[in-house]
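> this one's sequence-less:
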């Protein structure tokens, strides 16, 4: 099999070479999808652990005889931190909502024209790949937002811990 020339589009390649190119891109779509969803699960787990530690901290401070209970402003900041953790986990959950990813038809993979005479099989495969990449891009943006929310929660909680510990 000949190597594709750099810069050539799939429509300029032979069908077999183009199909190999699309097959590699298709595998990358599924690898990326799986990676994003696993990272979202990890973020949810981390948020749960940090919320548990936050409740432990709050309990330790309120039960301690050496420290005063939280002031109103400290309570507000703790609630804000917990809200950021919850928002982070909820945002991460949306990443794992089942979405309809395009899959190639057998006829497109074989290069057999279907009833759709307006586009050739490689064009339909390319369109499906672009749609799946768009779905992965959306998941990646949501994951970045969830990580940002978690970072804000940690920073907010760190402020309260710093104030109470001083």
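Cool, the structure landed. Because the structure is a prediction, the values reported are computed rather than measured.

> how distant is the helix or strand harbouring residue 150 from the center of its chain?
In the assignment (DSSP states H and E), residue 150 maps to helix 121-165. Once both centres are worked out by Cα atoms, centre = their mean, to the nearest Å, helix 121-165 turns out to sit 5 Å from its chain's centre.

> tell me what it is packed against?
Using 3 or more Cβ pairs under 8 Å, 6 or more residues apart in numbering; DSSP states H and E, the elements in contact with helix 121-165 are helix 15-63, helix 72-95, helix 106-110. C-beta: built from backbone N, CA, C; applies to glycine.

> could I get those as JSON lines with mean pLDDT?
Listed next are these as JSON lines, based on pLDDT from 0 to 100:
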{"stretch": "helix 15-63", "mean pLDDT": "87"}
{"stretch": "helix 72-95", "mean pLDDT": "92"}
{"stretch": "helix 106-110", "mean pLDDT": "65"}
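
> one step back: between the helix holding residue 150 and helix 15-63, how many degrees?
Note on geometry: by axes from the mean of the first three to the mean of the last three Cα atoms, to 10 degrees, helix 121-165 and helix 15-63 are set 20 degrees apart in direction.
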